[in-house]
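> no sequence on hand, only this structure:
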């Protein structure tokens, strides 16, 4: 990503989302913005950019907000405990500012890398809600609004969420909470009920394509291909133009498993499962999501309608021979097994056992053609 010392925070600089921007601007201009706002939608949709733009309008100090250094703008986000000590988000605020200033279109993967989280589970701990209570008890430094932007509030542990609930029920004067959530269903119902939810949809293919050409100077034809395979996720598009090594690795792992399963090479499959088990748990989950996408794309490939497929050139090249093996008789079974595998990994199952068991099941499923 391109390093900046400030970030665009004006509504006009946000990619797409015209309907959402118009609604939020109207609420700000008519003084109807709720004290607790939940911007909900998938990764890479620009919801965090919207949150920053709202904060900029409310705080009316662009010189400070553009550098994310306004004293009345507070950030909360999931972290890991350092040295088993209580960890408020301020412990990582420097890394947070650096990442957001690089690009307000980022995801969980970028944040984990920025703080060197490796295999750690990220959480918003109760220490963060206690820190917010202290900060918000003070008068606004600039005499106006105080804005709290919480990224991935679904990562709050129960104790933190319950303490935050008290703040939402009795908010300090002229304080606005903006939550940016990818999985709002994981939030406490009582927290969700205190917020006004605004759905932020995925970006359109056209929005991403125009941004890649205009802002990143990507060749129009290449930009079109990247936009198609990004599924409305600007983060995914940026990953493709900055570092596509993970996708390439995932494709090789996927191809290897399918070939080994077809050939019934159990010993090599065991070695394959050990290699995948050596990746971090979050990366394993991303790999399983990638496998689900590849199975879906190869099934659709059989309908011979290119407009329905969203694959890179390397993925499409593999699909020419592989797609016939994914059909009505096995596609549901394979997707079900991948979902079970994802569940077991997410619940801290033994990765070697989980992936080897999945690999063995693929022997039967891949032959079911």
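Received, thanks. Everything quoted here is computed from the prediction, not taken from an experiment.

> and whichever helix or strand residue 269 is part of, which residues are buried?
In this assignment (DSSP states H and E), residue 269 forms part of helix 266-277. Buried residues in helix 266-277, counted by 16 or more other C-beta atoms under 10 Å: 269-270, 272-273, 276-277. Using the backbone N, CA and C atoms, a C-beta is placed for each residue, glycine as well.

> and what of stretch 242-258?
Residues of stretch 242-258 classed as buried by neighbour count (16+ other C-beta under 10 Å): 247, 250-251, 253-254, 256-258.

> ok, residue 285 touching residue 341?
No - counting by C-beta atoms under 8 Å, residue 341 is not a contact partner of residue 285; they are 9.7 Å apart.

> and these two? Which one has more around it.
Comparing residue 285 with residue 341 by other C-beta atoms under 10 Å, the one with more neighbours is residue 341, at 24 against 16.

> got the confidence number for that one?
Looking at residue 341, its pLDDT is 95.

> what about it, which helix or strand?
Taking DSSP H and E as the definition, one finds residue 341 inside helix 331-346.

> could I get the buried residues of stretch 242-258 in a markdown table, plus columns for secondary structure, pLDDT and distance to residue 238?
Compiled in a markdown table, these are given as follows (DSSP: H, G, I helix; E, B strand; the rest coil; pLDDT from 0 to 100; distance: C-beta to C-beta, whole Å):
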| residue | secondary structure | pLDDT | distance to residue 238 |
| --- | --- | --- | --- |
| 247 | helix | 83 | 13 |
| 250 | helix | 93 | 17 |
| 251 | helix | 94 | 19 |
| 253 | helix | 96 | 23 |
| 254 | helix | 97 | 23 |
| 256 | helix | 96 | 27 |
| 257 | helix | 95 | 28 |
| 258 | helix | 95 | 29 |
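
> need these in JSON lines (columns: distance to residue 306).
Output for the buried residues of stretch 242-258, formatted as JSON lines (distance: C-beta to C-beta, whole Å):
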{"residue": "247", "distance to residue 306": "20"}
{"residue": "250", "distance to residue 306": "22"}
{"residue": "251", "distance to residue 306": "19"}
{"residue": "253", "distance to residue 306": "26"}
{"residue": "254", "distance to residue 306": "21"}
{"residue": "256", "distance to residue 306": "26"}
{"residue": "257", "distance to residue 306": "26"}
{"residue": "258", "distance to residue 306": "22"}
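
> buried residues in the helix or strand of the chain with the lowest mean pLDDT, which are they?
Among the helices and strands of the chain, helix 62-65 carries the lowest confidence by mean pLDDT, DSSP states H and E, at a mean of 84. Buried positions in helix 62-65, judged by neighbour count with 16+ other C-beta under 10 Å: 64-65.
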